[in-house]
Every structure is written in C-alpha cells, then in structure tokens.
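J.: Pasting a predicted model and its sequence here:
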Amino acid sequence: MKVTYAKAIGDALKEEMRRDSKILLFGEDVAEFGNIFGITRGMLEEFGPTRIRNTPIAETAMVGAAIGSAVTGLRPVLELMYSDFTLVAFSEIFHCVAKWRYMHGPDYKVPLVIRNASGSANGAGSEHSNCVESLFMHSPGLTIVTPSCAYDAKGLLKAAIRSDNPVLFCEPKLLYQVKQEIPDDVYESDYVIPLGVADVKREGTDVTLIAVGLMVPRALEAAEKLAAEGISVEVIDPRTIAPLDTETIYKSIRKTNRVAIVEESNKTAGIGAEYAARFQEELYDDLDGPVVRIAALDVPLNYNIKMEHYTIPDVEDICKAIRSMM
Amino acid sequence: MQYEKEQVLKIYTEMLHTRLMEKKLTEIYAQGIVPGHIHSGMGQEGSYIGVLSTRKPGDYFKFGHRPLSVYHIVGEPMDNFFGELLAKRTGNALGHGGTNHLGRLQDGVVGFSGTLGADAGIAVGAGLTISMEGRDNVSYYFYGDGTASRGPVHEAMCLASSWKLPVLFVCENNGFAISTPVTYSSAVKNPGGDRAAGYNMPSVVVDGTDILAVYEGASKMVDYIRAGNGPALIECKDYRWRGHFEGDQCAYRDPEVTQHEMETRDCVALLEERMKAQGWITDEELQKMREDFDREMDESIARAQEAEEIKPEEIYDCLFA
C-alpha cells in the first residue's frame, strides 16, 4: 500500500496505545482537532479524553508532566507541535528530561517521547521552520531520532515509545505528505526498528553521504544523478541522530575514504559539525580528504519561499559538494 | 481541633528530627566533609512537617532545597541520605546527584531540579498518574517565595487546574530568595495564597511556625484534593534562620530581627511548651529523644565517610536505563 509519513506516525501511535494502556498522548490541539497536521485524528474518539489530552499553551509544564508521569509509571507521548517550541522548554528538556535518571539514581526511569514537527514548510518563517537536533545533541542522556520515510517513522516511533529512556522524536514537516510503497503484510506486522541503528539507504563505493531527515530523499536523488556521472555514493541515514551508530557509519567510511554530511539546519555547530569533528578525530588515517558539511546557510529561515529554498540544500547543492570531493 | 497525645507526639518527633538533622548538616559542612553546598532549613521545619503530617502511602513529593531532612522523614534510610550528601556509592543516586537530588522513588519522591520551579510540572505529572489510576492520593509540590516568581510554576498551576489534578502547591514563604526579600520580589502580600484564585484553586495562608495551624490548614486542602476536586494551595509563613547557604553572612538583613524571630517563632520550642503544658512529655524524655537521634546520625555519617565512591569506569553506568 501507499502510506504517507503522517499516516505512519498516526498508525504507530494508535497501535501502541491499543497494546499498552499505560501510554497516553498529550499536547496542544491533539484531541478534537486531531493535531494541526491531522496526525491524531480519530484518537480522541477511540481512546477517550483521559488518554488523549489537549493542554494549555504551557510547554514547561507539559514537559514536566511527561517526566512526572513517566517516573511514576505511565508512558507519555508528548507533542510540542513545532520543533521550534521545544526551545520554550529547553531547560526542562536539557536539565530534567535528559538528566533526571542520572541525577536521581537507577530506580528512576523516564520512558517518554517528545514528538515535534521539524524543519521548513514553505514559508513558515523563522520561528516555525527550525531543526533542533543539534541543539539537543549537547544533552547526554537524550536519544534523538529523525526518521526520513514512512516505514522508518512507524518502526522508530514504536521503538521510542517502548524505550525506557527519553526520546526526542523529530518529524520533518515536508515529509508528512510523502508517500512510500510498503507491502501490506509488512506495514501491518507490528515491526519495530531498534534505536541507535543507522540504515544504508543506497550502497556506493566512492563517497559516504550521511543524510538526515528531509535531506535523505534529496541525497538519494543526488546519488542517482552522480551515478550517471560515474560517482558512486553510499547514502546512510543515521535515523538515531544521537547516540550515533558509529559501527555502520565507520564501516562505510573505511570503505569509501570520503565522507560528507547533509542536513536541513544551519551549518554552524550543526549535526555535521559534531559528526565531522568525530570522524576526523577517530578516522583520520582512513580519510582521503576533508569531511564536508552540506547544510543550510547561517541565516534565519525566510518567509520568502524562494529565499527559504535558497537557504536549504537542494539536490544540486548536494551534487556540487560531492563533485568537489572527487 | 482536638488532638490525641500519640498524634501530636508523632508530629513533634518528625519535626524534632528535622531540626536536629538540619543542624547536623551545618556541623558536617563546617567540618569540611560535604563536597557541595548546604542550605539549612532551620526554623522552617514546622511548615514542612505540618503539611507532611497529612500524607499517606501512595502520595508523591517534590521537596524544596531546604530542609533536606524531609527525605529521611518520608522514608530514605540515613545511610543513603548521608551517603549521597557525601557523594558516595551508598547514596540514593550513587553520589551523582548530591544535595539537590536526595530521596527514593519507593518513598514517593519524584525528584528535584536545581533550576528551581522547573520541577513544578513534574509534580503535576505525578498527579496525572494518580488521576489516571483513579487513586485518592496527593502530589505535594513544595516551593519557596523566590521560586513563586518563576514561569514554570505558573504553567504548572495552569495545567494542574485545567486537568483538575490532585496537586497540593505548598508555598513556603521564609521571607528571602537568597538576599532578596519577598516584599521586593512580590507585589502581593502572599506570593502563593494571593495567586491561587487565578487558577481557581482554594488556598489557605498559615503561620508556618505554628505546626498544628499548618497541619489544620493543610488538612483542609488535602481533604479537598483527595475528594477529587483538583489542586489547592497552602502558604506557610516562616523565617529562614541561617543564610541561603552555609557561609552566607546575611549582611542584607537586620541580625536583631533574625534573633527575635529565632527567640519568639521557634516551631520546635513552641510545640514543646504546649506538650509540656498538657503533661504529654518531660524534659528528660525530650533530652533522650535528642541524644538517641543524634547518635544515630553520627553513626550513619561515620559509615558514609568510610563508604566507597564510584570508580571512573562506572561514570556512564546510570546514564541510560
């Protein structure tokens, strides 16, 4: 069947809530409205108002309520709407969500998921278009996941909900309506994709291209174009942004000896910055050239759609960067 | 309210233990064996123990950064308590957490954030669990007059009242946020009580140094919450005897006022007088209670000093479940 990324997220939530009565979902406009992207439509009717809850616009309390209910035995899924709004509760996520178990001892578990609609959306403007993964990579204790397709989104969200550790789950908005063909029996098989495992989306031999979220389909398109030019690109989606699956990625880099990272967010102190630093520290002798970062320009995202598109890497930007490495 | 001797003796004993432990904390800090800071809660025991005297099994607690002794009062064994304070493996958090992160989940302690107020929502979350499970328990959220200004506290009140969760907000107003007097930080007289109406919460304001007044006020609020009516608030007014942390010389306040407060509003001495007047306790019995508890603490502190610390190779062990 053809499945959209948004439907996969919604189905993962429903299937998990049917499986485990300890799971509840709360956030802004998730009940009657079914979330601003329609992802949770029908869930209030199926699960009722105690398990599907709207909240006042009170992000710090929402994050707190997720921690408090998780520590005392529930498995909350919190929706913070736009990823930009996670920053309203940055302190609560950075200090409390990530560190609560470490600070209070091994009896404390924090099984919660914070879902957020991430990245650009054609003119959503500077405060509704950000990716926040790199900001939260600085929080030991937090697992950060960004799926790039419907199949991964469903399996990873199930894994996140079943994890006993807190997960920041980023959903690139421009992927919500992207359809993927998935066999019915596979889609309905209650499959789970383990956290912390990267996926080789396309095999290649000349360059390893680490692509995150919205950049994965663009990286695959770029790899196809470059193949016609005789450049073989291996595209890897880390899926779990932190902690990183270095085993899969390092194996690839040791094979290709060249690596680039492409992300939707700003270049400075981004995901690519951290990965590049690690790769050169740990794999210096395996690299034939500098680690290349392909990322958005260091400028706030524009309301002007042409300027927004100019800011974020497209297929041609990726091709150009990869060619320069050869 | 009519009291039985046993009930008052139990309240008194917990308050006395809190006082002795808060005093002991200042002593071991002066000896240089505590790696972090100590924020003594001497003078404020009545507010805490008065409210806590309404607790029952299954309740949850988010305490303040003073008095720490209440973690022991609700169940944490002394060896875990002092072990954590001295950053030892025997501590509840293996020494990772320290003064701000004492207590045990099995006693209902949900934890504490050093970014004061960030944890208000966490107490609300514990209330959510109670509500989802249909229990008649209470999640107690203790915060100070300083933390009363923080946005997360107000957001937590907003969410708790919107969802009608069983949370008791306990504003312990000791008059100072480090050096800033509450008369400066708050435009209202009661930074807890005067704001409760904004969240449709009933509230009472009591003298925190009169522990039975605290208990009676808290009982009213707790009965309301346990009946399923949603959150409520109590504000207890007391006075912080010591500086914010040990070593704070309190140059920002009049030492004569402090002296007067300590002499006239000592919650422990005030209840002792009432008990003696009733013929419920003698000076000899009081003396023995103090000596027994003091000895128990000294023995536990000695064990904590001897206890191991975690090893560097174990530093990541508790990061993920």
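T.: Yep, it's here.

J.: count of neighbours near the residue of chain A found nearest chain B?
T.: Nearest residue of chain A to chain B (Cβ to the nearest Cβ) works out as residue A:64 at 1.6 Å. No exception for glycine: its C-beta is placed from N, CA and C like everyone else's. Counted with other Cβ atoms under 10 Å in any protein chain shown, residues neighbouring residue A:64 total 32.

J.: Then residue A:157?
T.: If you count neighbours by other Cβ under 10 Å, residue A:157 ends up with 28.

J.: what residues does the stretch 201-321 of chain B put near chain A?
T.: B:318-321 (Cβ under 8 Å from any Cβ of the partner chain).

J.: Now for the closest residue to residue A:218 other than its chain neighbours: which residues touch it?
T.: With sequence-adjacent residues excluded and distances taken as Cβ to Cβ, 6 or more residues apart in numbering or on different chains, residue A:218 is closest to residue A:315, at 5.2 Å. When contacts are counted by Cβ atoms under 8 Å, 6 or more residues apart in numbering or on different chains, residue A:315 touches A:218, A:221-222, A:225.

J.: Under the pLDDT cut-off, which ranges of the chain? List them.
T.: Chain wasn't specified; assuming chain A. Applying pLDDT under 70 to chain A picks out no residues at all.

J.: meant chain B, my bad for not saying
T.: Residues of chain B that meet the cut-off, pLDDT under 70, do not exist.

J.: Just list the residues touching the closest residue to chain A within it, thanks.
T.: Relative to chain A, the nearest point of chain B is residue B:121 (1.6 Å; Cβ to the nearest Cβ). Contacts for residue B:121 were tallied using Cβ under 8 Å, 6+ apart; they are A:60-65, A:67-68, A:92, B:152, B:155-156, B:159.

J.: Could you tell me the phi and psi values at residue A:74?
T.: Backbone torsions of residue A:74, given as degrees, to the nearest 10, read phi -90, psi 170.

J.: wait, it sits on residue B:128?
T.: Yes: contact criterion Cβ atoms under 8 Å: residue A:74 and residue B:128 qualify, at 7.2 Å.

J.: Settle it for me: which of those two has more neighbours?
T.: Between residue A:74 and residue B:128, counting by other Cβ under 10 Å, residue B:128 is the more crowded of the two (29 against 24).

J.: element containing the more buried one?
T.: Taking DSSP states H and E as the criterion, residue B:128 maps to helix B:120-132.

J.: tell me the SS of residue B:116?
T.: Of the three states, residue B:116 takes coil according to DSSP: H, G, I helix; E, B strand; the rest coil.

J.: Return the distance of the residue of chain A closest to chain B relative to residue B:16.
T.: 34 Å (Cβ to Cβ, to the nearest Å).

J.: contacting residues for residue B:148?
T.: B:171, B:173, B:185-186, B:191-192, B:195.

J.: how about the nearest residue to it, chain neighbours excluded?
T.: Per Cβ to Cβ, 6+ apart, closest to residue B:148 is residue B:191, 3.9 Å.

J.: So which of the contacts of residue B:121 belong to helices?
T.: If you go by DSSP state H, the contacts of residue B:121 have A:60-65, A:67-68, B:152, B:155-156, B:159 in helices.

J.: Now the residues you listed in TSV, please, with extra columns for distance to residue B:80.
T.: Below are those laid out as TSV (distance: Cβ to Cβ, whole Å):
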residue	distance to residue B:80
A:60	30
A:61	30
A:62	32
A:63	28
A:64	25
A:65	28
A:67	22
A:68	22
B:152	28
B:155	32
B:156	28
B:159	32
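
J.: between those residues, which is nearest residue B:293?
T.: Using Cβ to Cβ, residue A:68 comes nearest to residue B:293 of the ones in helices among the contacts of residue B:121, at 32.3 Å.

J.: what about the closest one, neighbour count?
T.: By the measure other Cβ under 10 Å, the count of residues near residue A:68 is 36.

J.: Confirm for me that it is in contact with residue B:132.
T.: No: if you go by Cβ under 8 Å, residue A:68 and residue B:132 don't touch, sitting 11.7 Å apart.

J.: Helices of the chain, residue ranges please.
T.: Since you didn't name a chain, this refers to chain A. A:5-19, A:43-47, A:59-71, A:90-91, A:98-104, A:133-136, A:150-162, A:184-187, A:215-228, A:246-256, A:271-283, A:305-311, A:315-325.

J.: think we crossed wires, I meant chain B
T.: Using DSSP H, helices in chain B cover B:5-30, B:45-52, B:70-73, B:78-85, B:120-132, B:151-162, B:182-185, B:193-196, B:211-226, B:255-264, B:267-278, B:283-306.

J.: do you know which of the ones you listed lies nearest residue A:159?
T.: Taking these one by one with Cβ to Cβ, helix B:120-132 is closest: 22.6 Å.

J.: relative orientation of that closest one and helix B:211-226 in degrees?
T.: Orientation of helix B:120-132 against helix B:211-226 (axes from the mean of the first three to the mean of the last three Cα atoms, to 10 degrees) gives an angle of 60 degrees.

J.: any idea how far residue B:52 is from the residue nearest to residue A:218?
T.: Going from residue A:315 to residue B:52 by Cβ to Cβ gives 63 Å.

J.: which residues touch residue 137?
T.: Let's take chain A. Residue A:137 touches A:144, A:241-242, A:271, A:274, counting by Cβ under 8 Å, 6+ apart.

J.: meant chain B actually
T.: Taking Cβ under 8 Å, 6+ apart, we find residue B:137 in contact with B:56, B:58-60, B:130, B:166, B:226.

J.: repeat that for 7 Å
T.: B:58-59, B:130, B:166 (Cβ atoms under 7 Å, 6 or more residues apart in numbering or on different chains).

J.: give me phi/psi at it?
T.: Phi and psi for residue B:137, reported as degrees, to the nearest 10, are phi -90, psi 170.

J.: nearest to residue A:205, of the contacts of residue B:121?
T.: residue A:63 (44.5 Å).

J.: Tell me if I'm right that that closest one and residue A:92 touch.
T.: Yes: using Cβ atoms under 7 Å, residue A:63 is in contact with residue A:92, at 4.2 Å.

J.: so residue B:155 touches residue A:64, yeah?
T.: No: in this structure residue B:155 lies outside contact range of residue A:64 using Cβ under 7 Å: 8.1 Å.

J.: and stretch B:132-149, how far out from the chain's middle?
T.: Distance of stretch B:132-149 from the chain centroid (Cα atoms, centre = their mean, to the nearest Å) equals 12 Å.

J.: Could I get the CA-only coordinates of that stretch as CSV?
T.: Only the C-alpha atoms of stretch B:132-149 are listed here, as CSV (Å, rounded to 0.1, in the frame of the first residue of the first chain):
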residue,chain,number,x,y,z
MET,B,132,-5.2,8.1,35.6
GLU,B,133,-5.0,5.3,38.1
GLY,B,134,-8.1,6.6,40.0
ARG,B,135,-6.4,6.8,43.4
ASP,B,136,-7.2,9.3,46.1
ASN,B,137,-3.5,10.3,46.6
VAL,B,138,-1.9,13.7,46.5
SER,B,139,1.2,15.0,44.8
TYR,B,140,2.9,17.6,47.1
TYR,B,141,4.8,20.4,45.4
PHE,B,142,6.9,22.4,47.9
TYR,B,143,8.4,25.6,46.6
GLY,B,144,9.7,28.8,48.1
ASP,B,145,8.7,32.5,47.9
GLY,B,146,11.6,33.1,45.5
THR,B,147,10.5,30.2,43.1
ALA,B,148,7.0,31.6,43.3
SER,B,149,8.1,34.1,40.6
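
J.: ok, residue 1 - contacts?
T.: Chain wasn't specified; assuming chain A. Neighbouring residues of residue A:1 by Cβ under 7 Å, 6+ apart: A:182, A:184, A:187.

J.: you looked at the wrong chain, it should be chain B
T.: Residue B:1 neighbours (Cβ under 7 Å, 6+ apart): residue B:216.
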